[in-house]
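Visitor: Below are the sequence and a predicted model; questions follow.
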Amino acid sequence: MTPPRWSAGRVAVAVLVVLGLAGGGAVEVRQHLREAPALAATWYAPYVDVTLTPHHAFEDPEVNGADDVVLGFVVADPGDRCAPSWGAAYDLDAAATALDLDRRIARYRERGGDVIVSFGGAANDELAVACADDDELVDAYRAVVDRYDVTTIDLDVEGEALADTASITRRAQALATVQSTARRAGRDLSVWLTLPVAPSGLTSSGVFAVEAMLAAEVDLGGVNVMTMSYGASRPSGTTMAAAVEASIEATRDQLDAAYRAADLPLDAAVLWGKIGVTPMIGVNDAVTDTFTLADARTLRDLARDRGLGRVSIWSANRDAPCRPRAVTAEVSDHCSGVAQSSPAFSRTLDVMPGRPRDGAGHRTRAATAVTAVTVPSVPDDPATSPYPVWEREATYVEGTKVVLHGRVFAALWWTTGDEPRTGAADGAPSPWRLVGPVLPDDRRPATTTVPAGTFPEWDPATEYRAGARVVVAGVAYRARWWTRGDDPTGPGDGTQPNPWTPVAPS
């Protein structure tokens, strides 16, 4: 293979590697590499598109049996380029209310699982691309790490972001600060870099991104390669499984060279442990590429044989069959486009030993997923409860959330008199889905009344665009996206949250 040409930016990074590794940060990284536990225990963690509707219930063991999930994507807030948001649609507080994200993460951890937060992705602007202020960028990353108490983060850098050398350097320096600060506080923070790949390996821009991380003295947990949508880069006659194997072999050689150039040589087992693989299951964006269940079985064996650090899929949302008579050649966000049961890809790959977990911040791996819930006799306070306390005589429509004994439940369909629980005593399905626990900082949602005439009254026949404001019973609401006929006071339609959110007058 012809060696990639070195741009001026890459030469600068190489100089930084030589100069930076003379400092204490490199000593810290080198020491951590020596002391790190063996990395040959491959762990499986599917990606979940958090803002895609209908929402994937990653917290529900009947939907997702994996012990780890990668939640994506945190990107720059369109209204504040140095503030984190989920999918450019929800800031962190809004995600807690509209998506119940904090509560769902808490439930997932109750059953022994843990989450990785992924920044970036193919759509919207990753924080380092949008935010040029170094201190604010550090604060933005740290806000997410602290909010969700994560020990692993993932940086998905692709598309235009991968060509933005300034943001690549800025991101690496910010993450070095976040990681070193966490370690000084006695917390571990693993940083994974997710990059596009071809059977010939990472692009020159991808190699530059790795080198920038090492130059900034980031201790990389690993490099996760997106073995998907190869298109013309997959040689004719090469199977998807063979292309995946070629991709990781080439990436392994590139990482070996990068670490050696940084004077941080790794032995073979540790080097393989720093490689992750993420295929796009089923029909890929390049529709000539289809990753089948047979390919998944090959990847499973390959990962265990090589001792890869990580296997993921894009995505858990897609790990399901498409509806009958659906056109499987078209790529869907909600199904794989191949014949399968749900979730067959996760069941195939979720046989890895799992991440090491100990008293240094990693949680104990659950031996068995719990599919039922015992509702303890915890008193509920209507004054502070985040949702109304369940009443036997009340009628609840699909999507309504209630609280019972310290747990939040959502109605799956119209119900009255059915006490919330995850399984009925007679074996009939329950009309309630457990969302998660009531959190210590939960409060009754505040509503603010506004003077008459401040905003127009909501009209069910009117079309409203994102940002529109209306009033219902004196309370102001703002539209998060286009809507018509959705009652601002309602629970949503059961597949996505209400497009309206209460706001204070402006």
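Guide: The structure has been received and is ready for your questions.

Visitor: Okay, now the unreliable bits of the chain?
Guide: Along the chain, segments meeting pLDDT under 70 span 1-40, 325-330, 356-377, 422-427, 445-448, 491-497, 504-506.

Visitor: That one: helices as residue ranges?
Guide: In the chain, the segments counted as helices under DSSP state H are 8-20, 24-35, 92-98, 101-110, 127-130, 134-148, 160-163, 165-184, 204-215, 240-261, 268-273, 293-306, 344-349.

Visitor: I'd like to know which of those helices lies nearest to residue 332.
Guide: With Cβ to Cβ, the closest approach to residue 332 among the helices of the chain belongs to helix 344-349: 14.3 Å. For glycine as for every other residue, the C-beta is placed from the backbone atoms N, C-alpha and C.

Visitor: need the helices of the chain in TSV with mean neighbour count and distance to residue 429, can you?
Guide: Shown next, in TSV, are the helices of the chain (neighbours: other Cβ atoms under 10 Å; distance: least, Cβ to Cβ, whole Å):
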stretch	mean neighbour count	distance to residue 429
helix 8-20	15	57
helix 24-35	14	49
helix 92-98	17	26
helix 101-110	21	19
helix 127-130	24	42
helix 134-148	18	31
helix 160-163	17	44
helix 165-184	21	44
helix 204-215	24	47
helix 240-261	19	38
helix 268-273	18	43
helix 293-306	18	28
helix 344-349	21	22
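
Visitor: would you turn the ones you listed into TSV with distance to residue 480?
Guide: Shown next, in TSV, are these (distance: least, Cβ to Cβ, whole Å):
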stretch	distance to residue 480
helix 8-20	39
helix 24-35	42
helix 92-98	8
helix 101-110	15
helix 127-130	20
helix 134-148	20
helix 160-163	25
helix 165-184	28
helix 204-215	33
helix 240-261	38
helix 268-273	42
helix 293-306	36
helix 344-349	30
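
Visitor: Quick one: closest of the ones you listed to residue 432.
Guide: Using Cβ to Cβ and comparing the helices of the chain, the one that lies nearest residue 432 is helix 101-110, at 13.8 Å.

Visitor: which strands and helices sit next to the closest one?
Guide: strand 68-77, helix 92-98, strand 114-120, helix 134-148, strand 432-437 (3 or more Cβ pairs under 8 Å, 6 or more residues apart in numbering; DSSP states H and E).

Visitor: Go again with 7 Å.
Guide: Helix 101-110 is packed against strand 432-437, with contacts defined by 3 or more Cβ pairs under 7 Å, 6 or more residues apart in numbering; DSSP states H and E.

Visitor: Let me know the angle separating the strand it packs on from helix 101-110.
Guide: 90 degrees (axes from the mean of the first three to the mean of the last three Cα atoms, to 10 degrees).

Visitor: sorry, back to before: which one, of the helices of the chain, ends up nearest to residue 412?
Guide: helix 101-110 (15.8 Å).

Visitor: what's next to that closest one, contact-wise?
Guide: With contact meaning Cβ atoms under 7 Å, 6 or more residues apart in numbering, helix 101-110 is reached by 50, 58-59, 95-96, 115, 148, 363, 408, 434-437, 439.

Visitor: ok, now stretch 148-157?
Guide: Contacts with stretch 148-157, where a contact means Cβ under 7 Å, 6+ apart, come from 70, 72-73, 105, 115-121, 126, 145, 171, 188-195, 209, 221, 224, 361-362.

Visitor: Next: stretch 286-298.
Guide: 228-231, 234, 240-241, 279-284, 329, 331, 338, 340, 344-345, 348-349.

Visitor: go with 8 Å
Guide: By Cβ atoms under 8 Å, 6 or more residues apart in numbering, the surrounding residues in contact with stretch 286-298 are 228-231, 234, 239-241, 244, 279-284, 329-331, 337-338, 340, 344-345, 348-349.

Visitor: And for stretch 162-177?
Guide: Counting by Cβ under 8 Å, 6+ apart, 7, 9, 13, 25, 126-129, 132, 134, 137-138, 141, 153, 155, 157, 161, 191, 195-196, 203, 205-206, 208-209, 212-213, 215-218 sit against stretch 162-177.

Visitor: residue contacts, the spatially most central residue of the chain?
Guide: For the chain, the residue nearest the mean C-alpha position is residue 71 (1.4 Å; Cα atoms, centre = their mean). By Cβ under 8 Å, 6+ apart, the contact set of residue 71 is 47-48, 50, 58, 101, 105, 115-118.

Visitor: Return the closest of those residues with respect to residue 259.
Guide: For these, the nearest to residue 259 is residue 116 (22.7 Å; Cβ to Cβ).

Visitor: Tell me what the closest one is bridged to.
Guide: With DSSP bridges applied, residue 116 shows beta-bridge pairing to residue 70.

Visitor: Show the contacting residues for residue 246.
Guide: Residue 246 touches 199-200, 238, counting by Cβ under 8 Å, 6+ apart.

Visitor: Quick check: it vs residue 225, distance?
Guide: 11 Å (Cβ to Cβ, to the nearest Å).

Visitor: swap in residue 322?
Guide: 27 Å.

Visitor: quick one, strands of the stretch 301-450 of the chain?
Guide: 310-311, 395-396, 401-404, 407-411, 415-416, 432-437 (DSSP state E, counting those that start in this stretch).

Visitor: mind putting those strands in CSV, mean neighbour count included?
Guide: Shown next, in CSV, are the strands of the stretch 301-450 of the chain (neighbours: other Cβ atoms under 10 Å):
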stretch, mean neighbour count
strand 310-311, 27
strand 395-396, 18
strand 401-404, 22
strand 407-411, 24
strand 415-416, 15
strand 432-437, 21
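
Visitor: looking at these, which is closest to residue 180?
Guide: Of these, the one closest to residue 180 (Cβ to Cβ) turns out to be strand 310-311, at 22.8 Å.

Visitor: Now do stretch 59-67: distance from first to last residue.
Guide: One end of stretch 59-67 to the other measures 10 Å (Cα to Cα, to the nearest Å).

Visitor: Return the set of buried residues in it.
Guide: 59-61, 63-67 (16 or more other Cβ atoms under 10 Å).

Visitor: hmm, back to that, between the helices of the chain, which one is nearest to residue 464?
Guide: Residue 464 lies closest to helix 92-98 among these, at 16.7 Å (Cβ to Cβ).

Visitor: elements contacting the closest one?
Guide: Contact here means 3+ Cβ pairs under 8 Å, 6+ apart; on that basis helix 92-98 packs against strand 80-86, helix 101-110, helix 134-148, strand 500-502.

Visitor: got the CA coordinates for that helix in PDB?
Guide: C-alpha atoms of helix 92-98 as PDB (Å, rounded to 0.1, in the frame of the first residue of the first chain):
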ATOM      1  CA  LEU A  92     -29.400  17.400  29.100                       C
ATOM      2  CA  ASP A  93     -32.200  18.600  31.300                       C
ATOM      3  CA  ALA A  94     -34.700  18.300  28.400                       C
ATOM      4  CA  ALA A  95     -33.600  14.700  27.800                       C
ATOM      5  CA  ALA A  96     -34.300  13.900  31.400                       C
ATOM      6  CA  THR A  97     -37.900  15.100  31.100                       C
ATOM      7  CA  ALA A  98     -38.900  14.400  27.500                       C
END
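
Visitor: what residues does it touch?
Guide: 50, 84-86, 90, 101-103, 143-144, 147, 445, 480, 497-498, 501.
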